[in-house]
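Peer 1: Have a look at this prediction, sequence included:
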Amino acid sequence: MIVRLQGILLEKNTGPIVLDVHGVGYELIVPLSTLSRLPGLGQSACLYTHLLIREDGHLLYGFVSSTERDLFRELIKVNGIGPKIALALLSSLEGDELLDCLIQERINTLIRVPGVGRKTAERLVLELRDRAEKLARELLPAQAQLARPLPAAQYGDAEAALIQLGYKPAEAQRALQSIGCSADEDSATLLRLALKYLAGGHG
């Protein structure tokens with residue numbers, strides 16, 4: 001079982017990233033909470049991982065903290081929650097925000113995440129509320145150690161990612177125009193801020 005990888009970042013975009021570990025390239029699927037905190041290309045990065053084995057292949061997921069990885073693992077245990085929805089949850093909401101939604105039963109916030117309906121949100125709260133309280137105590141100190149997002153800039157990539165997540169082009173453009181970011185923001189930061197804007201009911 002691969003639980004942690006440290007290596008040189010070779011590829012970084014809104015799709016899978018590639019980490020070179022002693023000459024071996026690992027492709028990792030990451031949420032925006034991780035993507036926005038990765039260093040620049042050619043720099044060292046450390047990710048906590050979850051390996052998902054399926055009939056059609058092996059998928060490796062990466063996270064900036066072990067707590068976020070644990071939260072991902074808890075999410076995919078819930079009936080009807082696959083890795084895609086779990087990543088959408090972690091991309092639309094910071095780890096502490098997601099945990100707060102589960103603890104405080106904020107169903108209306110959860111259903112704004114693409115792919116999450118009311119029944120799914122209610123099931124998440126019912127099954128994960130107790131576990132979320134424990135994870136919340138672990139996540140706060142871990143987040144304090146995270147690096148700030150690095151500037152880079154890619155409005156077009158952020159717009160394309162929003163469309164891939166199911167938003168209409170007009171919605172994506174309106175969200176990006178409304179968040180008031182400067183042109184030197186990286187695509188992951190733009191995407192996260194736009195998702196927060198849309199989750200706030202402005203879509």
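Peer 2: That came in fine, so what should we check first? Numbering: from 1, shown residues only.
Peer 1: gap between residue 62 and residue 28?
Peer 2: 4 Å (C-beta to C-beta, to the nearest Å). In short, each C-beta sits where N, CA and C put it, glycine included.
Peer 1: Have a look at the two and say which one is more surrounded.
Peer 2: Using other C-beta atoms under 10 Å, the more surrounded residue of residue 62 and residue 28 is residue 62, with 28 against 21.
Peer 1: in what helix or strand does the more buried one lie?
Peer 2: Assigned by DSSP states H and E, residue 62 belongs to strand 57-63.
Peer 1: Helix or strand with the lowest mean pLDDT in the protein?
Peer 2: In the chain, the helix or strand scored least confidently by mean pLDDT, DSSP states H and E is helix 169-178, which has a mean of 73.
Peer 1: so what does that helix touch, helix or strand wise?
Peer 2: When contacts are defined as 3 or more C-beta pairs under 8 Å, 6 or more residues apart in numbering; DSSP states H and E, helix 169-178 packs onto helix 155-164, helix 187-197.
Peer 1: ok now the last one, how far from the chain's centre?
Peer 2: In other words, helix 187-197. Here the centre of helix 187-197 is set off from its chain's centre by 11 Å, with C-alpha atoms, centre = their mean, to the nearest Å.
Peer 1: One more: stretch 83-98?
Peer 2: 5 Å.
Peer 1: for stretch 115-132, same thing?
Peer 2: 17 Å.
Peer 1: Looking at it now, give me its mean pLDDT.
Peer 2: In this model, stretch 115-132 has a mean pLDDT of 91.
Peer 1: Can you point out the buried residues in that stretch?
Peer 2: 115-116, 120-121, 123-125, 127-128, 131-132 (16 or more other C-beta atoms under 10 Å).
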